[in-house]
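>>> Sequence and predicted structure are below.
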Amino acid sequence: MTHCGATGAHWLLLWLAMLVAWPARAGYVLITLNDSMPAISESKARMLYLGKLKSLDSFGRVELVDFPEGSVHKQAFYQSFLNKSLPQINSRWAQLAFSGKGKPPESLVEASEQAVLAWLAHHPRGIAYVPRSMVPRGARILLDIEQGVDR
């Protein structure tokens, strides 16, 4: 009986670990509501989210949005796509803001499909990252980010 209980606890811990790790494996996409915005290469997307690029060729300046601080999606996106922790990303943006070379993406108030859609509706030059499972109806995918690839 003890053995069976230990096995049950083991499976529960395994299930919980998979649930916590799910956002990192879910895969992310960059989306917009603007039909005239061009698709984005992975390298340009990285440059945008590192503050090294502010505009896209033949389109001009773009605006980025982030999930709220502490969101599992924000942490998973930056870790998987840029291989950076949130403290590293926050430090980078703080340096850019202090030097006047950039400002961090605006943060959503809540981590929901509705919040992403509302933000994009009010920002015609806006780009958001969302898990593949959370792409709002009417959104256009600019880049499908392949997860799990060594960078």
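Done, it's in.
>>> Going by C-alpha atoms from here, please, whenever you check contacts or count neighbours.
Fine.
>>> So for stretch 90-108, first residue to last residue, what's the gap.
Here the two ends of stretch 90-108 are set 16 Å apart, with distance taken as Cα to Cα, to the nearest Å.
>>> just the strands in the protein please.
Taking DSSP state E as the criterion, the chain carries its strands at 28-32, 55-56, 60-61, 63-66, 106-107, 126-131, 140-145.
>>> nearest to Y49, of these?
strand 63-66 (7.8 Å; Cα to Cα).
>>> Of the strands of the chain, which is nearest E113?
E113 lies closest, by Cα to Cα, to one member of the strands of the chain: strand 126-131, at 8.3 Å.
>>> Now the closest one: average pLDDT?
What strand 126-131 shows for mean pLDDT is 95.
>>> Give the partner strands of that strand in its sheet and their orientations.
Partners of strand 126-131 in the sheet, by DSSP bridges, are strand 28-32 (antiparallel), strand 63-66 (parallel).
>>> Give me the contact list for the last one.
In other words, strand 63-66. Applying Cα atoms under 8 Å, 6 or more residues apart in numbering, the set of residues contacting strand 63-66 from outside is 49, 54, 74, 105-108, 119, 123, 125-129.
>>> related to what we said a few turns ago, need the strands of the chain in CSV with distance to P87 and mean neighbour count, can you?
Below are the strands of the chain laid out as CSV (distance: least, Cα to Cα, whole Å; neighbours: other Cα atoms under 10 Å):
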stretch, distance to P87, mean neighbour count
strand 28-32, 20, 24
strand 55-56, 25, 15
strand 60-61, 26, 11
strand 63-66, 14, 20
strand 106-107, 15, 14
strand 126-131, 19, 23
strand 140-145, 22, 19
